[in-house]
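Student: Whatever this is, show me its structure:
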Amino acid sequence: MRHTGISLGDGRVADARGHKSGVLLTASLDYPWTHYAVPYSMEAGSLPPFPDPSELRQGSRGQAVRKLQERLMALGYHLKRYGADGVFGRETAGALRAFQHVAGLPPTGIGDAGTLALLQISKEENT
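Tutor: You can find the predicted model right below:
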C-alpha cells in the first residue's frame, strides 16, 4: 500500500500521505482506494460505499482509461490538452460528463457500468 487513510464516517477520510504532504482531509470517493479497513468499533453500514474497482474515475490510470479516452475522442468529445494518455483527469471527466448528459445519463463523470456499456467498452477492456 502507498499510504493509509481512515474514514471519519461522514464521507471524509483522514489521509496520511507522507512526510512531504502530511495528513489531509479528503472526500472518501476522491481517491481511487485499492484497500480499506473498518475500525473494530465502527459499523460497516455507516461508511460511504466503496468505489467499484471496475469503474473508471478521476485518478484511474491504464489501458482501460486510454480506451475510454479514445472512444470519447472518436465520438467528438475532444481531449485537447492531453489526448488519450491513459490518465483519468479533469479533462477526461469533463468529456465524460458531456457524453453522459447527451446520452441522458446522470453527468457524474464516472465511467460506471451503464456509461461504459453505452460507449461499447466491455468489462474485459476495463480490467
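Student: Quick check: A113 touching L105?
Tutor: No: the pair formed by A113 and L105 falls short of the contact definition of C-beta atoms under 8 Å, at 11.2 Å. Any C-beta I mention is one placed from the backbone N, CA and C, and that applies to glycine too.
Student: so where's the protein uncertain?
Tutor: Low-confidence segments of the chain, defined by pLDDT under 70: 1-5, 7-11, 17, 28-53, 122-127.
Student: Longest helix in it, by number of residues?
Tutor: The residue-count maximum for a helix in the chain (DSSP state H) belongs to helix 90-103.
Student: same for that helix, what does it pack against?
Tutor: Secondary structure elements in contact with helix 90-103, counted by 3 or more C-beta pairs under 8 Å, 6 or more residues apart in numbering; DSSP states H and E, are helix 63-74, helix 113-118.
Student: tell me which residues of the last one are tucked away?
Tutor: Counting neighbours by 16 or more other C-beta atoms under 10 Å, one finds that the buried residues in helix 113-118 are T115, L116.
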